[in-house]
Every structure is written in C-alpha cells, then in structure tokens.
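Engineer: Requesting a structural model of the entry that follows:
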Amino acid sequence: CLATLIIMLVGDTYTLINYVSFINYLCYGVTIIGLIVLRWRKPKIFRPIKVNLLIPITYLAFWAFLLIFSLYSEPVVCGVGLIIILTGVPVFFLGVYWRNKPKCVNRLIESMTCWGQKLCFVVYPQCGGAEEE
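Structural biologist: Residues are numbered from 1 along each chain as shown. You can find the predicted model right below:
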C-alpha cells in the first residue's frame, strides 16, 4: 500500500495501471502453474470443478507469450511491478515466517492489524486481544 501511495503521488494513474496489470498477469500465470502442479502431484484430491488439462496448458502458453512480450516491450514497467511485489517479502518474514517474535513485536503487529481493520471497517473476532484456546 505504501508503494502504491508513493507511485500515486509521484506518477500518473496510467502508469500505476500498467504496473498493476503486469502484477495481475504474473499472479494469474503462477496460479495456473499451481493448478497444473497440483493436478499432477495430487490427482485424487477432491475438486468441485475439474477441467481438462488442455485448457490451463493453453492458457499458460498464451500467458507466457503475453508476459514475454510485456517484458520485451516495457521492461521498466515490468521491473517496477516486480519491485512492488518484492516489497511484500519483508512483511512476510516479519509477520508470518518469524515464529518466536518478542511480545512487543506481536503487540505492535496486533495493534496495526486492529487499526487497519477499524480503518477499513472490517470486523474480525480476534481484534482486541481475544483469548487463545
């Protein structure tokens, strides 16, 4: 969010749309790759909707073409899009991966979460120091 706010203050909306569209297409392709991998590794798992693998493979071929064309035609936009994605890596390591955080860091993360939920009018049952079971 902070990177988006900075880009909105510095750049124009058209540029931000280009960054986000590259990120979206990249995430769509990774999702389709995950679907194909899961179909091969866990073929017996329950799936409410099951499609022929030809459809995601065809989609993936078009996706690869569009992504390579985007990287060739606008490398700066794609690079900035990748940098925007990579800004989430420290957040992941601080919030999810780091298991034995000091209590002050946990309290800070919890207060930031509650503040964000109040700001966005999101109701979540654990906000406000709920007891662990």
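Engineer: ok, then the element right after the longest helix along the chain?
Structural biologist: Ordering each helix of the chain by length in residues (DSSP state H) puts helix 13-41 first. Under the assignment DSSP states H and E, the closest C-terminal helix or strand after helix 13-41 is helix 54-73.
Engineer: Just the buried positions in that next one, please.
Structural biologist: By 16 or more other CB atoms under 10 Å, the buried positions in helix 54-73 come out as P56, L60, W63, L67, S70. For the C-beta atoms, the positions are set from N, CA and C on the backbone; glycine is no exception.
Engineer: ok, which pair from the residues you listed is furthest apart?
Structural biologist: With distances taken as CB to CB, the most widely separated pair in the buried residues of helix 54-73 is P56 and S70, at 20.0 Å.
Engineer: so where's the chain shaky on pLDDT?
Structural biologist: Along the chain, the parts satisfying pLDDT under 70 run over 1, 3-4, 7-8, 10-11, 124-133.
Engineer: switch the cut-off to 80
Structural biologist: 1-20, 95, 123-133 (pLDDT under 80).
Engineer: so the longest helix of the chain versus helix 54-73, what angle?
Structural biologist: Angle, helix 13-41 to helix 54-73, by axes from the mean of the first three to the mean of the last three CA atoms, to 10 degrees: 140 degrees.
Engineer: Does anything pack onto helix 13-41? Which helices or strands?
Structural biologist: When contacts are defined as 3 or more CB pairs under 8 Å, 6 or more residues apart in numbering; DSSP states H and E, helix 13-41 packs onto helix 2-10, helix 54-73, helix 75-86.
Engineer: among those, which is nearest C114?
Structural biologist: Nearest to C114, of all the helices and strands packed on helix 13-41, is helix 2-10, at 18.7 Å by CB to CB.
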